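Participant: A structural model of the following input is requested.
(one chain, ligands or ions: 1)
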Amino acid sequence: MRKLEVSGLVFSYENRKILNQLDFSVEEGEFVSILGPSGCGKSTLLKLMTGVLAPESGEIRVDGESIQGITEHFAYMPQNDLLFPWKTILENVCLYGRIHGTSAQVKQEAERQIEAFGLRGYENEYPSALSGGMRQRAAFLRTLLCHADILLLDEPFGALDVITRGEMQDWLLGVRKKMNRTVLLVTHDMDEAIYLSDRILILDRKSGKVRRELCITEKNRSRDWLYQQGDLRREIYQEIMGERNAKG
Ligand SMILES: Nc1ncnc2c1ncn2[C@@H]1O[C@H](COP(=O)(O)OP(=O)(O)OP(=O)(O)O)[C@@H](O)[C@H]1O
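Facilitator: Predicted coordinates for the structure are as follows:
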């Protein structure tokens, strides 16, 4: 079933068109990564979905219904974890969920999920006691507890060192299907996109549209499988670089 449809989306900053008649759709439960050269409008696209920015024209539909402004359909997770240092991990992860349920319900669900997020034993610690990866997992759990049906992840592991980033990708691969959410991931990391996605959309800076779409159908993913995806990696790289070279 089609969860999200973007059609004819147009957006400009100061008369410079960033997205121009952008069209794409995402199925329910699908994990879609958005790649593209710097400045092609990846973060702008997420801001349009969250309602922080308004499009000049075009439409965003969720479950077939046109949406405008800030809605409860989307939960956004940025690169920085934005945990409140004066609140415990449990308090932090329950923060946004309270809007959608009673404190007791949200806390109960957080307690249920905390194991899978590798945070057991840290519920009453403050963020400063956690590693970068743990903090991102806490921020992730907070996003998940929002109960929004579509998660928008904007370079969620971009600030982590390469080892922790790899661990986070392995962890997300493990919980991805269990989360049962539709996910849009903005990333600069081709391997991350290949490893985690059902589909990759490559945005084109020049046209402001989707330049290329790639489906990844492998069911049994592992690091060994990822290391064998040289052809796919080359293809994605050439698409991004080709666009860059065409721009000059
Ligand atoms: N508030 C703003 N005012 C004017 N121009 C902006 C603003 N925010 C972003 N831009 C410009 O719009 C373009 C798209 O920005 P955006 O952040 O969406 O790109 P991106 O693909 O996410 O880039 P990156 O990969 O570098 O994070 C860029 O050229 C950027 O400089």
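Participant: Show me what the strand or helix carrying Glu192 is in contact with.
Facilitator: Secondary structure assignment for Glu192, by DSSP states H and E: helix 190-196. The contact list for helix 190-196, computed with Cβ atoms under 8 Å, 6 or more residues apart in numbering, reads 31, 33, 35, 157, 165, 169, 172-173, 176, 185, 187, 200, 216, 221, 226, 229, 232-233, 236-237. Heads up, the C-betas are built off the backbone N, CA and C, glycines and all.
Participant: now, which of these lie within strands?
Facilitator: If you go by DSSP state E, the contacts of helix 190-196 have Phe31, Ser33, Leu35, Leu185, Ile200 in strands.
Participant: Low-confidence stretches in the chain?
Facilitator: By pLDDT under 70, the low-scoring segments of the chain are 97-102, 243-248.
Participant: For it, list the residues in contact with the ligand, please.
Facilitator: Residues of the chain that fall close to the ligand, judged by Cβ under 6 Å from any ligand atom: Tyr13, Glu14, Ile18, Gly36, Ser38, Gly39, Cys40, Gly41, Lys42, Ser43, Thr44.
Participant: Quick one, which of those residues are buried?
Facilitator: Neighbour counting with 16 or more other Cβ atoms under 10 Å marks Ile18, Gly36, Cys40, Gly41, Lys42, Ser43, Thr44 as buried within these.
Participant: from memory Tyr122 sits against Ser128, does it?
Facilitator: No. Between Tyr122 and Ser128 there is no contact under Cβ atoms under 8 Å: 11.5 Å.
Participant: Counting neighbours, go ahead and name the busier of these two.
Facilitator: Tyr122 (19 against 8; other Cβ atoms under 10 Å).
Participant: Now for the closest residue in space to that one that isn't next to it in sequence, how many residues are close by?
Facilitator: Spatial nearest neighbour of Tyr122, chain neighbours left out: Ile89 (5.2 Å); criterion: Cβ to Cβ, 6 or more residues apart in numbering. By other Cβ under 10 Å, the residues close to Ile89 number 27.
Participant: Surely Ile89 touches Arg120?
Facilitator: No. Using Cβ under 8 Å, Ile89 is not in contact with Arg120; the gap is 10.5 Å.
Participant: Tell me what the residue nearest the centre of the chain is bridged to.
Facilitator: The chain has Leu153 as the residue nearest its centroid, 2.2 Å off, counting by Cα atoms, centre = their mean. Each beta-bridge partner of Leu153 is listed here, defined by DSSP bridges: Met77, Leu185.
Participant: Surely it touches Leu184?
Facilitator: Yes. If you go by Cβ under 8 Å, Leu153 and Leu184 touch, sitting 7.0 Å apart.
Participant: The protein: helices as residue ranges?
Facilitator: For the chain, the helices defined by DSSP state H cover 42-50, 89-94, 103-113, 132-144, 162-179, 190-196, 223-227, 230-247.
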